[in-house]
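> Build me a structure from this.
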Amino acid sequence: MVSLLGMLAAADALAPWSLLLLTFLAGSGAAVGQPAWQAVVPKLVPRPLLRPAVALNSLGINISRAIGPALGGLIVATLGVPAAYAADAATYAVVIAALLWWRRTAPEPQGPPERLGGAMRAGLRYAAGSAPLRRVLFRAGLFFAFGAAPWALLPLVARALPDGGPAAFGLMLAAVGAGAVAGALALPRLRALVSADGAVFAATVSVAAAMAGLALAPALPAATAAAALAGFGWIVAVTTLNVSAQGVLPAWVRARGLALYLTVFYGAMTAGSVAWGQLADATSVPAALAAAGALAVLVGLAARRVLLPELEADLAPAGSWPEPVLAAPVGDEGGPVVVTVSYRIDPAEAGPFREAIARLGALRRRDGALRWGVMEDAADPARITEWFEVATWGEHLRQHARLTAADVPLQEAARAFHRGDGPPAVSHLLPLEAAR
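Numbering: from 1, shown residues only. Got it, this is the predicted structure:
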């Protein structure tokens, strides 16, 4: 897309509609590619180094955001618009070369391959069933909705300064990048002192203070200092939230979960930018910045009831489900499949068992079950049958592979109530025509 933009600009054929269309397509490509880029980070470094690796990745993005417009403006001013597009396209050659140079061992496939629609549904189902991921998405949405204010209003702040203008705006963007560098360097020490939740709240206070500084800045030096503070808080929050999202997602669903995280990021930024822009239009830019900063702190305080997860769970595949016993092969698309697990429990332990099996049920739904339930034998109350339905046989095999080491205690907690001889009996039921 960038190369095509450059060719159209060189031919003086870049009309408004083509610029909008190609920009839309470039943005769509970036939206598809970003989750994959984000998901690559845990494959490059061991888990203890995930936080600094994500910080470095975020730092590169923020530095590029600060330096890129300045370099682009310099190329446009000296060589013209086509040259700027050509330089941008040339940078992709470096990325392509790095990907070709990178050699990694492909992981063993976990279950049958997924189709696009089923994979998307599995990702959404996992997000709906994962309380840690829901907490990260909720906190991210709140921060980015208020954190959008300085990004949306910074050009207006630069224009309104006594010594403002394009040069002032460029200097403020550079200050944001410098603040991001400082934040990335300070983050390891900060995280040694506070939890992930505390780091995000500290970042919220920092960005809120920056918004107050931008609202009250009498001249460019004060505004530049406030912009640096905004960059500092921004990188701390973005890195901490990104690490939290990465840390609660097992490998099989990481890219899909990060796609949801980025959807929340861009959605909250878009909605926040529109809202704060409208408020600035109805009142003033300083009033909108002050309101966004004050509300960010108040909402951040209230949101601390929803704590961010820490990186403690072992999300490696557990591999603890035995292969199903089949009388005849079943195709991957065969189904639906109903799985039953029969327990014998002491009726005196029915209450604790119900709590344990309910937690296991949430795990079954998260990993692929369309429906789940527990039933009691009317003739024998000690015989309890757990059942869940999966769309296809292939999806059930993938469900086996999705169980992580952190999930095993939930499974064992329910099985601890079993009082029968041998493990709980497991059956796989198929429609009669599929079983023939």
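> From what I see, residue 42 and residue 49 are in contact.
No - between residue 42 and residue 49 there is no contact under Cβ atoms under 8 Å: 9.6 Å. Where you see a C-beta, it was placed from the backbone N, CA and C, and this is true even at glycine.
> Of these two, which one has the most company?
residue 42 (19 against 13; other Cβ atoms under 10 Å).
> check contacts around that one.
By Cβ atoms under 8 Å, 6 or more residues apart in numbering, the contact set of residue 42 is 50, 246, 251, 254.
> May I ask which helix or strand encompasses the residue lying farthest from the centre of the chain?
Largest separation from the mean C-alpha position in the chain: residue 379, at 48.6 Å (Cα atoms, centre = their mean). Here residue 379 is covered by no helix or strand, with elements defined by DSSP states H and E.
> And the pLDDT at it?
On pLDDT, residue 379 comes in at 92.
> what does residue 312 give?
Turning to residue 312, the model gives it a pLDDT of 66.
> and what of residue 197?
90.
> same question, residue 93
81.
> how about the helix or strand where residue 273 lies: buried residues?
Per DSSP H and E, residue 273 falls inside helix 254-282. When burial is assessed from 16 or more other Cβ atoms under 10 Å, helix 254-282 yields the following buried residues: 254-262, 264-265, 268-269, 272-273, 275-277, 279-280.
> Also stretch 71-82?
In stretch 71-82, counting by 16+ other Cβ under 10 Å, buried: 72, 75, 81, 82.
> could I have it exported to CSV, CA atoms only?
The C-alpha trace of stretch 71-82 is given here as CSV (Å, rounded to 0.1, in the frame of the first residue of the first chain):
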residue,chain,number,x,y,z
LEU,A,71,11.7,12.5,9.7
GLY,A,72,8.7,12.3,7.4
GLY,A,73,8.3,16.0,7.5
LEU,A,74,12.0,16.6,6.8
ILE,A,75,11.9,14.2,3.7
VAL,A,76,8.7,15.9,2.4
ALA,A,77,10.3,19.4,2.8
THR,A,78,13.6,18.4,1.1
LEU,A,79,12.7,15.7,-1.4
GLY,A,80,8.9,15.7,-1.7
VAL,A,81,6.0,13.5,-0.9
PRO,A,82,6.9,10.5,-3.2
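> Give the rounded mean pLDDT of that stretch.
76.
> for stretch 140-153, same thing?
Here stretch 140-153 scores 93 as its mean pLDDT.
> just the helices in the stretch 251-400 of the chain please.
Using DSSP state H, counting those that start in this stretch, the helices of the stretch 251-400 of the chain run over residues 254-282, 285-303, 350-366, 393-402.
> Looking at those helices, which is nearest to residue 423?
Across the helices of the stretch 251-400 of the chain, the minimum distance to residue 423, taken as Cβ to Cβ, is reached by helix 350-366, at 14.5 Å.
> follow-up on the earlier one: which one of the buried residues of stretch 71-82 sits closest to residue 227?
residue 72 (19.1 Å).
> pretty sure the closest one is touching residue 83, no?
No - if you go by Cβ under 8 Å, residue 72 and residue 83 don't touch, sitting 10.0 Å apart.
> Once you drop chain neighbours, what's closest to residue 353?
Leaving out its chain neighbours, the residue that sits closest to residue 353 by Cβ to Cβ, 6 or more residues apart in numbering is residue 417, at 4.4 Å.
> need the contact list for that neighbour.
Contacts of residue 417 were listed using Cβ under 8 Å, 6+ apart, and they are 343, 345, 346, 349, 352, 353, 356.
> which one is the fifth one nearest to, not counting chain neighbours?
Read it as residue 352. Distances taken as Cβ to Cβ, 6+ apart place residue 417 nearest to residue 352, at 7.1 Å, with adjacent residues excluded.
> then stretch 131-139 to CSV, C-alphas only?
C-alpha atoms of stretch 131-139 as CSV (Å, rounded to 0.1, in the frame of the first residue of the first chain):
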residue,chain,number,x,y,z
ALA,A,131,-11.7,-13.9,34.3
PRO,A,132,-8.1,-12.7,34.3
LEU,A,133,-8.3,-11.6,30.6
ARG,A,134,-11.6,-9.9,31.2
ARG,A,135,-10.0,-7.9,34.1
VAL,A,136,-7.1,-6.8,31.8
LEU,A,137,-9.5,-5.7,29.0
PHE,A,138,-11.7,-3.8,31.5
ARG,A,139,-8.7,-1.9,33.0
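> now it, how far from the chain's geometric center?
9 Å (Cα atoms, centre = their mean, to the nearest Å).
> Could you do stretch 193-206 as well?
Taking Cα atoms, centre = their mean, the mean C-alpha location of stretch 193-206 is offset from the chain mean by 18 Å.
> who touches it?
The contact list for stretch 193-206 (Cβ under 8 Å, 6+ apart) reads 139, 143, 146-147, 183, 187, 190-191, 229-230, 232-234, 236-237, 240-241, 243-244, 296-297, 300-301, 304, 307-310.
> Among those, name the buried ones.
Applying 16+ other Cβ under 10 Å to those flags 139, 143, 146-147, 183, 187, 191, 229-230, 232-234, 236-237, 240-241, 243-244, 296-297, 300, 308-309 as buried.
> Which of those residues fall in helices?
Those of these mapping onto helices are 139, 143, 146-147, 183, 187, 191, 229-230, 232-234, 236-237, 240-241, 243-244, 296-297, 300, per DSSP state H.
> Which residue, other than its chain neighbours, is closest to residue 259?
Leaving aside its sequence neighbours, residue 259 sits nearest to residue 35 (Cβ to Cβ, 6+ apart; 4.0 Å).
> doesn't residue 253 make contact with that neighbour?
No - counting by Cβ under 8 Å, residue 35 does not reach residue 253; the two are 10.9 Å apart.
> Confidence-wise, which helix or strand of the chain is lowest on average?
None of the helices or strands of the chain scores lower by mean pLDDT, DSSP states H and E than helix 432-435, at a mean of 62.
> picking up where we left off before, for the residue nearest to residue 353, grab phi and psi.
When read as degrees, to the nearest 10, the backbone of residue 417 gives phi -90, psi -10.
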